[in-house]
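Colleague: Structure of the sequence below:
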Amino acid sequence: MNKIWQNYEKGMAVFDNCHSPTVQSQWLALKDEIGEFVREPNSSEIWDIVHAAGRLLYKIIGIPLYLLAYPTVRKHSQRFEEYGCLRSIRNCEGKCCGKNS
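Modeller: This is a model prediction of the structure:
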């Protein structure tokens, strides 16, 4: 479990360094996740919405509620360990600043 948290924290730091986590960017990310859920409703997308909402709230109130979305935390950790990006290979924009970007 410790490795999951380490990979997640490292991956988020890398991602945030390349994609500034502003209130506006977090709001847009939340809207994108809601849109993905509308297009393809499933439990994974619900966790992604919880994660995005938590990241937005973290920018506003400073409490890391995004960590409650453990399935998304685990997914991001695995992706970062595998190919150096938190985003899916399908959605990676080549700006992840990870191992393979």
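Colleague: what's in contact with the helix or strand where residue 28 lies?
Modeller: If you go by DSSP states H and E, residue 28 is part of helix 23-39. With Cβ atoms under 8 Å, 6 or more residues apart in numbering as the test, helix 23-39 has contacts from 19, 45-46, 48-49, 51-53, 55-56, 58-60. All C-beta spots, glycine's among them, are computed from the backbone N, C-alpha and C.
Colleague: May I see the residues you listed organised as a markdown table, with distance to residue 13 added?
Modeller: Shown next, in a markdown table, are the contacts of helix 23-39 (distance: Cβ to Cβ, whole Å):
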| residue | distance to residue 13 |
| --- | --- |
| 19 | 11 |
| 45 | 25 |
| 46 | 25 |
| 48 | 19 |
| 49 | 22 |
| 51 | 16 |
| 52 | 17 |
| 53 | 20 |
| 55 | 13 |
| 56 | 18 |
| 58 | 14 |
| 59 | 15 |
| 60 | 20 |
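Colleague: hmm, which of these are the buried ones?
Modeller: Neighbour-count burial (16 or more other Cβ atoms under 10 Å) applied to those gives 19, 45, 48, 49, 51, 52, 53, 55, 56, 58.
Colleague: Could I get the contacting residues of the fourth one?
Modeller: Same thing as residue 49. Here residue 49 is in contact with 30, 33, 34, 37 (Cβ under 8 Å, 6+ apart).
Colleague: any chance of the residues you listed in JSON lines, plus distance to residue 24?
Modeller: As requested, the contacts of residue 49 are exported to JSON lines (distance: Cβ to Cβ, whole Å):
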{"residue": "30", "distance to residue 24": "11"}
{"residue": "33", "distance to residue 24": "15"}
{"residue": "34", "distance to residue 24": "16"}
{"residue": "37", "distance to residue 24": "21"}
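Colleague: Show the buried residues in these.
Modeller: Applying 16+ other Cβ under 10 Å to these flags 30, 33, 37 as buried.
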